[in-house]
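S.K.: Just to be clear, the model below is a prediction. Sequence and coordinates:
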Amino acid sequence: MVLLTEPKTPRSSRTSRRAALSSTPSSKSRSKSPRLTRSPAPPKPSPDKSKRAKSSSGPYQYDPGTTPWTLTCASHYNAFLSAHRPALRCVTFLVFSGIRDAGYTAFAYYSAPSMIGPYAYAFQVHQKPIRTKALHVFFMTNLPYLIYLPLIAAPVDVVVHTLQFFWGENMFFFEGGLLFAPYMVLHWFTLFLAYFAIYVRFVPVLWKPYFDFLEATLVLNDKVYARTLNTRRTPATRILHFLVFVALVAATVSALGRAEIVAALAAGARGTGYILMGFLASSTVTLGLGRLLVGMECGKVV
């Protein structure tokens, strides 16, 4: 009996057949469409240097102006920020913005309209928790600067700081403690010093010692603030500070008597009014003489 078997194919022919089949594209691979590759996105344009500078300074946009005095104020302001990084950035901006115009204009409106908004915002941050930005913007826009300072800015600051003495910046009872008193003394001394820019403006030889002393006062004010208005004190510590304050007030009243205290407060109010009137009169004379000596430079709008 003979079995018929299929003849074996040599191994070399089988290998060549597989290679031919693998080289032939299948229907599945032929039906696939070629993949679409995405073109790389165009590079984003780099932001303008002025925009980067604006964003880095945040809401406190300081206009350097064009006169030697305003340029000097801007130079000292930027140097102070980079050297000390103050916690009271708002007060630093208020002081340098104030001396910028207190030593520049007489009874005119604030010479840099672009700074009115940041100036009012700095006041609002400084006068937390009361929102005072709209009030400052309105009066700075509608009153000459040297009228706005004593008639609006100073009384509002007194009222707000009286509230802060009891409730702080974050509505915590007696947040500042007893250290709030020396902080306020430094605060008003700094503002008093800033007002002297009216007279220093016209004596360039005094500019360097004036700015050095002003910056040293700002550093000290910043350090006292860091130990005053904060919420890290425990409620027991704040209550203890308040009780000591009440005891001091009671001892003062018993030692002096109510009539003497009322008379002293009245005399203090009259004295404050006389001081403000004296500053207004002297600043008017100083700026008037400055215009005669320096020319009309201080009357130009920067």
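M.R.: Looks like it came in fine.
S.K.: switch to C-alpha atoms for all contacts and neighbour counts from now on
M.R.: Fine.
S.K.: Show me the contact partners of stretch 204-220.
M.R.: Here stretch 204-220 makes contact (CA atoms under 8 Å, 6 or more residues apart in numbering) with 76, 80, 84, 86, 92, 186, 190, 193, 194, 200, 201.
S.K.: For the fourth one, which non-adjacent residue is closest in space?
M.R.: Okay, so that is residue 86. residue 222 (6.5 Å; CA to CA, 6 or more residues apart in numbering).
S.K.: Find me the pLDDT at that neighbour, would you?
M.R.: With respect to pLDDT, residue 222 scores 90.
S.K.: do residue 63 as well
M.R.: Per-residue pLDDT puts residue 63 at 89.
S.K.: What values do phi and psi take at residue 132?
M.R.: phi -120, psi 10 (degrees, to the nearest 10).
S.K.: how much space between the nearest residue to it once chain neighbours are set aside and residue 140?
M.R.: With CA to CA, 6+ apart as the criterion, residue 132 has its nearest non-adjacent residue at 5.1 Å, and that residue is residue 124. From residue 124 across to residue 140, the span is 14 Å (CA to CA, to the nearest Å).
S.K.: which of those two has more neighbours?
M.R.: Neighbours around residue 124 and residue 140, counted as other CA atoms under 10 Å, are more numerous at residue 140. The numbers are 24 against 19.
S.K.: and the residue nearest to residue 132, helix, strand or coil?
M.R.: helix (DSSP: H, G, I helix; E, B strand; the rest coil).
S.K.: Surely it touches residue 135?
M.R.: No: with contacts counted by CA atoms under 8 Å, residue 124 stays clear of residue 135, the gap being 9.5 Å.
S.K.: about what we covered before: give me the distance between the residue nearest to residue 86 and residue 84.
M.R.: 10 Å.
S.K.: More neighbours: which of these two?
M.R.: residue 222 (23 against 12).
S.K.: buried stuff in the helix or strand that one falls within?
M.R.: Here residue 222, judged by DSSP states H and E, is contained in helix 207-226. Of all the residues in helix 207-226, those buried under the rule 16 or more other CA atoms under 10 Å are 207, 210, 211, 214, 215, 217, 218, 219, 221, 222, 224, 225.
S.K.: Now do the buried residues in the helix or strand hosting residue 93.
M.R.: Taking DSSP H and E as the criterion, residue 93 maps to helix 89-102. Buried residues in helix 89-102, counted by 16+ other CA under 10 Å: 90-102.
S.K.: quick one on the thing from earlier: list buried residues within the contacts of stretch 204-220.
M.R.: Buried members of the contacts of stretch 204-220, scored by 16+ other CA under 10 Å, are 76, 80, 86, 92, 186, 190, 193, 194, 200, 201.
S.K.: any idea which of those is closest to residue 64?
M.R.: When the buried ones among the contacts of stretch 204-220 are compared for distance to residue 64 (CA to CA), residue 76 wins out at 10.6 Å.
S.K.: Which residue, neighbours along the chain excluded, lies closest to the closest one?
M.R.: The nearest residue in space to residue 76 (CA to CA, 6+ apart) is residue 211, at 7.5 Å.
S.K.: Residue 186 too?
M.R.: Per CA to CA, 6+ apart, closest to residue 186 is residue 221, 5.9 Å.
S.K.: Quick check: what element follows the helix or strand of the chain at the bottom of the mean pLDDT ranking along the chain?
M.R.: Every helix and strand of the chain was ranked by mean pLDDT, DSSP states H and E. The lowest is helix 49-56, at a mean of 44. Scanning forward in sequence from helix 49-56 by DSSP H and E, the next helix or strand is helix 68-84.
S.K.: which other residues reach that following helix?
M.R.: Contacts to helix 68-84, defined as CA under 8 Å, 6+ apart, come from residues 62-65, 92-93, 96, 99-100, 103-104, 201, 211, 215, 219.
S.K.: Recalculate using a threshold of 6 Å.
M.R.: By CA atoms under 6 Å, 6 or more residues apart in numbering, the surrounding residues in contact with helix 68-84 are 64, 100.
S.K.: What mean pLDDT does that helix get?
M.R.: 92.
S.K.: low pLDDT regions in the stretch 1-150 of the chain?
M.R.: For the stretch 1-150 of the chain, the stretches flagged by pLDDT under 70 are 1-57, 102-108.
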